[in-house]
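K.L.:
Below: sequence and its predicted model.
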Amino acid sequence: MVFDIRLVAGFLAIGLILFSSLKITRQYERAVVFRFGKLLGEKGPGLFLIIPIVDRIVKVDLRVRELDVPRQTVISSDNVSVDVDAVIYYKVTDSTKAIVEVEDYGAATALLAQTTLRDVLGQNELDTILSNRDELNTEVKIILDEMTDPWGIKVVTATLRDVALPENMLRAIARQAEAEREKRARIILAEGEFQASQRMNDAATLYEEKPSALKLREFQTLTEIAKEKNLIVVSTGSDAPRRSAEDICATAGLARAVVDR
């Protein structure tokens, strides 16, 4: 009976050792194995064996991670203070380096992202920060990727999420935008006046060369005036084929004066 109990206990011990020796990692995980504190290698994915008590494993997730960079106060190169926050996406490409080369790769990447964000934005003016976000995102990504490569980390993308300006700067930018729109409106109006004057000059030259065209224009003007039945049209007759443009203007002016009365 005692022999049977010892036999059963032995089988249970062996089964427990085998069970603790079996380890499983998912497809997106890797296990870094240390034996007596010395790096043994990388295992997974799937089923693998270790020596209990002797071996220790550290699992590393290889999926893309989201890193929310806290809001940072940045002073641009033109001495404007802005609050900026960003989102960094990264993943572990070498689990052994991520465990051996750095104590906490997640925290280290977060602190490095904050420093890099301040450095990159601090070298640019406010207008560049507001208008060239794509270029700044690319620059931040490249710098982070180069600095985290020895840790076995790949920065997938970096995105500036929000740029908050002080209230006085918002008012200044609004005034600047309004002045810019007013400038464009005046330029368009002046351009229109210039083109209109050119057309009128061409028309005057044509009327001077072709008196018959001037007469046709007079008839056209009189036809338009005649549409208003409460107007009085005064004409000098058709015996003046070479009337000047001033006569037509006088006729139209008289008709408008009657309307005003």
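P.N.:
That came through, no problem.

K.L.:
show me where this structure has strands.
P.N.:
22-25, 29-35, 38-43, 46-49, 55-61, 65-75, 81-92, 153-164 (DSSP state E).

K.L.:
can you redo those as a markdown table with mean pLDDT?
P.N.:
A markdown table is the format used below for those (pLDDT from 0 to 100):
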| stretch | mean pLDDT |
| --- | --- |
| strand 22-25 | 89 |
| strand 29-35 | 93 |
| strand 38-43 | 91 |
| strand 46-49 | 89 |
| strand 55-61 | 92 |
| strand 65-75 | 89 |
| strand 81-92 | 92 |
| strand 153-164 | 91 |
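
K.L.:
Could you list the low-pLDDT ranges of the stretch 51-200 of the chain?
P.N.:
170 (pLDDT under 70).

K.L.:
related to what we said a few turns ago, can you lay out the strands of the chain as a markdown table showing distance to Leu16?
P.N.:
(Glycine included, C-beta is placed from N, CA and C.) Formatted as a markdown table, the strands of the chain follow (distance: least, Cβ to Cβ, whole Å):
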| stretch | distance to Leu16 |
| --- | --- |
| strand 22-25 | 11 |
| strand 29-35 | 20 |
| strand 38-43 | 21 |
| strand 46-49 | 14 |
| strand 55-61 | 16 |
| strand 65-75 | 36 |
| strand 81-92 | 33 |
| strand 153-164 | 38 |
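
K.L.:
For those strands, give me TSV that also has distance to Gln220 and mean neighbour count.
P.N.:
Formatted as TSV, those follow (distance: least, Cβ to Cβ, whole Å; neighbours: other Cβ atoms under 10 Å):
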stretch	distance to Gln220	mean neighbour count
strand 22-25	90	14
strand 29-35	86	18
strand 38-43	91	14
strand 46-49	92	12
strand 55-61	83	16
strand 65-75	66	14
strand 81-92	62	19
strand 153-164	59	17
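
K.L.:
Would you tell me which of these gets closest to Ala204?
P.N.:
Ala204 lies closest, by Cβ to Cβ, to one member of the strands of the chain: strand 153-164, at 55.6 Å.

K.L.:
Tell me what angle that closest one forms with strand 81-92.
P.N.:
160 degrees (axes from the mean of the first three to the mean of the last three Cα atoms, to 10 degrees).

K.L.:
Show me the contact partners of strand 153-164.
P.N.:
64, 71, 82-93, 98, 105, 109, 113, 129-130, 133, 136-137, 140-141, 144-145, 148 (Cβ atoms under 8 Å, 6 or more residues apart in numbering).

K.L.:
what's around Arg6, how many residues?
P.N.:
Counted with other Cβ atoms under 10 Å, the neighbours of Arg6 add up to 10.

K.L.:
Same question for the one 4 residues further on.
P.N.:
With neighbours defined by other Cβ under 10 Å, the count for Gly10 comes to 10.

K.L.:
cool, and the one 10 residues further on?
P.N.:
Ser20 has 12 neighbours, counted by other Cβ under 10 Å.

K.L.:
cool, and Asp202?
P.N.:
Neighbours of Asp202 using other Cβ under 10 Å come to 10.

K.L.:
What of Ser197?
P.N.:
Neighbours of Ser197 (other Cβ under 10 Å): 10.

K.L.:
now swap in the one 10 residues further on and tell me
P.N.:
By the measure other Cβ under 10 Å, the count of residues near Tyr207 is 18.

K.L.:
Tell me the pLDDT of it.
P.N.:
Tyr207 is assigned 73 on the pLDDT scale.

K.L.:
ok, back up a step: relative to Gln195, which of the strands of the chain is closest?
P.N.:
strand 153-164 (41.0 Å).

K.L.:
Neighbouring strands - and their directions - for the closest one?
P.N.:
Paired strands of strand 153-164, with direction, are strand 81-92 (antiparallel) (DSSP bridges).

K.L.:
quick one: the strand it pairs with to strand 55-61, angle?
P.N.:
130 degrees.

K.L.:
Strand 29-35 and strand 81-92, what's the angle between them?
P.N.:
70 degrees.
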